[in-house]
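Asks: The sequence and its predicted three-dimensional model are supplied below.
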Number of protein chains: 2
Amino acid sequence: MSGRITVLRLGHRPLRDKRITTHVCLVARAFGADEVVLTERDDALERNIRGVVKRFGGDFALRIDPRSHKRILADFPGMVAHLTMYGEPYAAAVPRLRDARDLLVVVGAEKVPGDLYDLADVNLAVGNQPHSEVAALAVLLHALRPEALSKPVQGELRIEPAARGKVVKPGAP
Amino acid sequence: MSGRITVLRLGHRPLRDKRITTHVCLVARAFGADEVVLTERDDALERNIRGVVKRFGGDFALRIDPRSHKRILADFPGMVAHLTMYGEPYAAAVPRLRDARDLLVVVGAEKVPGDLYDLADVNLAVGNQPHSEVAALAVLLHALRPEALSKPVQGELRIEPAARGKVVKPGAP
């Protein structure tokens, strides 16, 4: 899809969710989202993600928006897709999402506000089983932007695919 | 694929990795792996995963194997695929993995033993960018067993896909 993809991570609690939210941000970046929005500051997380962007490149941004999820969703000019194990199968919605000019993908932590199901344009499930918002986000983004995983990005470092061991080169090709 | 898929989670540290390893286990179950093997006991994690299997069903197992990764890999009768951001593109290897009778997918925590790259039959990357072993596992399993996400399983509870809100019913259809 050609519009912007923003990921809104709701309910991040710095101590408890640090590592899962880090994975959400890194997955968003690697699978082709343009930015992640958190509603709470988390200096350590922001430093960490900005460090990855600096080293590995790309235009990905982590942004803090302290407004309520209600306000953020109401002001979003594009389509809002909430990822939840209670939703409808994501695959059928992919063509519609691809046609959206801009897309806001909402992923919650363990608890999400109950009104989210009504505020979102669509509630989508990557399987109706409990698993992981990290995995659900990866699978959805991969369906929307399959090219993202292999697109070269300009950064300080570049990993070269290798049959054995680690091959890290400077810069991008 | 028709053989068994086992996921070996290496380097789990109960305090630090509890939530990520929980996501690894739930993703393994939801995306069609048959079992996860940990090399360290973690009672809370085991209780949690067994509770999900009881409520939501399926044959999925969490098993503790205290042997070294070297021994586990050497004794495994099928193909060993190590997921790493340094590896070769996973997509090209999918047909070969599907043909394997049994498959051991190895996912490490932040640090993995250096000999793993040589002990594995293949080192595979889901994109050569830093992201998440949870996401990498989901995308690989989804390529191997795309039917797993929508396969009904017999458990105490069943989530029914819904456009709005949460619909949870007893049992499986």
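Replies: Right, received. Where do you want to start?
Asks: drop to CA atoms for contacts and neighbour counts, all remaining ones
Replies: Fine.
Asks: now what about the top strand by length along chain A, what contacts it?
Replies: Ranked by residue count and defined by DSSP state E, the top strand of chain A is strand A:79-89. For strand A:79-89, contacts defined as C-alpha atoms under 8 Å, 6 or more residues apart in numbering or on different chains pick out A:73, A:97, A:100-108, A:116-117, A:120-130, A:133, A:136-137, B:159-167.
Asks: Name the next helix or strand following that strand along the chain.
Replies: helix A:90-99 (DSSP states H and E).
Asks: List the contacts of that following helix.
Replies: By C-alpha under 8 Å, 6+ apart, helix A:90-99 touches A:1-2, A:79, A:103, A:124-126, A:140, A:143-144.
Asks: quick one: the helices in chain A?
Replies: Remark: helices assigned in chain A by DSSP state H are A:14-30, A:43-56, A:69-75, A:90-99, A:116-119, A:133-144.
Asks: is chain B contacted by the last one?
Replies: The one in question is helix A:133-144. Yes - judged by C-alpha under 8 Å from any C-alpha of the partner chain, helix A:133-144 comes into contact with chain B at A:134-135, A:138-139.
Asks: ok, back up a step: for PyMOL, write the select line for the buried members of the contacts of strand A:79-89.
Replies: If you want just the buried ones from those in PyMOL, going by 16 or more other C-alpha atoms under 10 Å in any protein chain shown, the selection is:
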select buried, (chain A and resi 73+97+100+102+103+104+105+106+107+108+116+117+120+121+122+123+124+125+126+127+128+129+130+133+136+137) or (chain B and resi 159+160+161+162+163+164+165+166)
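Asks: Let me know the closest of the residues of helix A:133-144 next to chain B to A:D34.
Replies: Using C-alpha to C-alpha, A:A138 comes nearest to A:D34 of these, at 13.6 Å.
Asks: show me what contacts the residue lying closest to that closest one once chain neighbours are set aside?
Replies: Spatial nearest neighbour of A:A138, chain neighbours left out: B:A135 (5.7 Å); criterion: C-alpha to C-alpha, 6 or more residues apart in numbering or on different chains. By C-alpha under 8 Å, 6+ apart, the residues touching B:A135 are A:27, A:134-135, A:138-139.
Asks: let's see it at 10 Å
Replies: Shown in contact with B:A135 (C-alpha atoms under 10 Å, 6 or more residues apart in numbering or on different chains): A:23-24, A:26-27, A:31, A:132-139, B:23-24, B:27, B:126, B:141.
Asks: how many neighbours does the closest residue in space to A:A143 that isn't next to it in sequence have?
Replies: Leaving out its chain neighbours, the residue that sits closest to A:A143 by C-alpha to C-alpha, 6+ apart is A:V94, at 7.1 Å. Residues contacting A:V94 under the criterion other C-alpha atoms under 10 Å in any protein chain shown number 16.
Asks: For the spatially most central residue of chain A, list the residues it contacts.
Replies: Central residue of chain A (C-alpha atoms, centre = their mean): A:A28, 3.3 Å from the mean position. A:A28 makes contact with A:5-7, A:22, A:34-36, A:60-61, A:134, A:137-138, A:141-142, B:131 under the criterion C-alpha under 10 Å, 6+ apart.
Asks: Pull out the buried members of those.
Replies: Buried among those by 16+ other C-alpha under 10 Å: A:5-7, A:22, A:34-36, A:60-61, A:134, A:137-138, A:141-142, B:131.
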